[in-house]
Every structure is written in C-alpha cells, then in structure tokens.
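Peer 1: turn this into a model:
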Amino acid sequence: MKKLLIALLAVGILGFMATPAMVGAQQEIPGDCELQHQSKIQQIMGADALNDSQAGNSSRYTGLPCLLDTIITVQNRLFYIILVVALVMLLVGAFQFLTAGANEEQTGDAQTTLIYALVGVAVAFLSRFALDAVINMLG
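Peer 2: Sure, this is the predicted structure:
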C-alpha cells in the first residue's frame, strides 16, 4: 500500500510538472523556425549546410534543421527532468537509510533506492552526451 501511494504521488508530481508543456503545446504550428542550437546543427549537417538551404533569409529555417533543433531541445529538457527525479530519489533513499535504524529489510530497500537513483543519474548523463558521441563517430 505504501509503495502504491508513493507511486501515485510520483505520477501526480510528474503530471503537475508536465502541465506547462501541455499548455504550451496548444499553440499554432509555425511553417518555419528560428534555430536555438545553430552551432550544433552546423556540426551535424556541415558548416555550410544552413547557408545553402536558406537563400536570402538567414534567421528562419524549415525542414531538417528545425527537426534537429527540436530533437536537441527535447534531449536537453529530458536531461534536466531525469536528473531532478534521480536527485529526488537520492534524497528519498538517503532518508530511508537514515530512518532504517537496525532494520535490515529497510536498509536493503534504502540501498536499492540509492542504486536505482545512481543508475538514473548515469542514464541522464549518457543521454546528454549520446548525440555528441554519434556526431564524433560519424565525423
């Protein structure tokens, strides 16, 4: 029962955190975009790819550059979300460990929570640098 309550609380908090994203998704989809990660997109597509694809208009783009910019933005936001959740779980595991006392079962649960939280931090950092690794491998 306690685990179910914690899971429902976590889902509720994540739902509350996702509300601004859902509200922001109600905007009209533009036909073009302004790049926020232009240097990384040039690194992926080539230094002159953005100049060749947009004749005359250097600040607005369409197609693949917009898709890549969106992927990079989502990757950056997911990194911070995963990192915050993992750090909260580290705090929960530390609290469980401190309140376990001599109870071996609670100490084991706390260790499991701490291990999963550390795996979450590792996954967050791996996801953060996965795109850079792929770019470097492909040249």
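
Peer 1: packing partners for the lengthiest helix in the chain?
Peer 2: Using DSSP state H, we find that the single longest helix of the chain is helix 64-100. Where contact means 3 or more CB pairs under 8 Å, 6 or more residues apart in numbering; DSSP states H and E, helix 64-100 is packed against helix 38-45, helix 49-53, helix 104-138. Heads up, the C-betas are built off the backbone N, CA and C, glycines and all.

Peer 1: next, the buried residues of it.
Peer 2: By 16 or more other CB atoms under 10 Å, the buried positions in helix 64-100 come out as 65-66, 68-69, 72, 79, 82-83, 85-86, 89-90, 92-93, 96-97, 100.

Peer 1: cool, stretch 107-118 as well?
Peer 2: In terms of neighbour count (16+ other CB under 10 Å), stretch 107-118 has its buried residues at 109, 110, 113, 114, 117.

Peer 1: widest-spaced pair of those residues?
Peer 2: Across the buried residues of stretch 107-118, no pair lies farther apart than 109 and 117, at 12.6 Å, counting by CB to CB.

Peer 1: is residue 36 located within a helix, as I assumed?
Peer 2: No: under the criterion used here (DSSP: H, G, I helix; E, B strand; the rest coil), residue 36 is coil, not part of a helix.

Peer 1: how many neighbouring residues does it have?
Peer 2: Neighbours of residue 36 under the rule other CB atoms under 10 Å: 12.
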